[in-house]
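**Q** build me a structure from this.
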Amino acid sequence: MAEKPLHTLVIKGLRVEVAGKEILKGVDLSLRTGELVALMGPNGSGKS
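**A** From the prediction side, this is the model:
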């Protein structure tokens with residue numbers, strides 16, 4: 001029987017730039033199968 005992978009999604013060193021402004025730098029994230037995660041912040045903070 002094959003083992004399930006430990007992580008379903010792995011992001012390392014994510015960098016995002018919008019209109020010449022760096023808004024994310026060096027973000028690492030790993031999610032396991034079935035894990036729930038929430039991104040929280042005030043209205044207008046760019047969560048979407």
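
**Q** so what's the residue nearest in space to the middle of the chain closest to, chain neighbours aside?
**A** Note on the chain: the residue nearest the mean C-alpha position is L29, at 4.9 Å, using C-alpha atoms, centre = their mean. Take L29 and drop its neighbours on the chain: the residue closest to it by C-beta to C-beta, 6 or more residues apart in numbering is I11, 4.5 Å away. For every residue, glycine as well, the C-beta is placed using N, CA and C.

**Q** next, that neighbour: secondary structure please.
**A** When classified by DSSP: H, G, I helix; E, B strand; the rest coil, I11 comes out as strand.

**Q** show the contacting residues for it.
**A** With contact set as C-beta atoms under 8 Å, 6 or more residues apart in numbering, I11 has these partners: 27-30.

**Q** ok, so of those residues, who is nearest E17?
**A** Distance to E17 across the contacts of I11 (C-beta to C-beta) is lowest for V27, with 12.8 Å.

**Q** near that closest one, how many other residues are there?
**A** If you count neighbours by other C-beta atoms under 10 Å, V27 ends up with 11.

**Q** how near is the residue nearest to L29 to N43?
**A** I11 sits 25 Å away from N43, going by C-beta to C-beta, to the nearest Å.

**Q** and stretch 12-29, end to end?
**A** Using C-alpha to C-alpha, to the nearest Å, the end-to-end distance of stretch 12-29 comes to 7 Å.

**Q** list the contacts for the residue lying closest to L6 once chain neighbours are set aside?
**A** Leaving aside its sequence neighbours, L6 sits nearest to R32 (C-beta to C-beta, 6+ apart; 6.6 Å). By C-beta under 8 Å, 6+ apart, the contact list for R32 reads 6-8.

**Q** show me where the protein dips below the pLDDT cut-off.
**A** 1, 5 (pLDDT under 70).

**Q** mind listing the strands for it?
**A** 9-18, 21-31 (DSSP state E).
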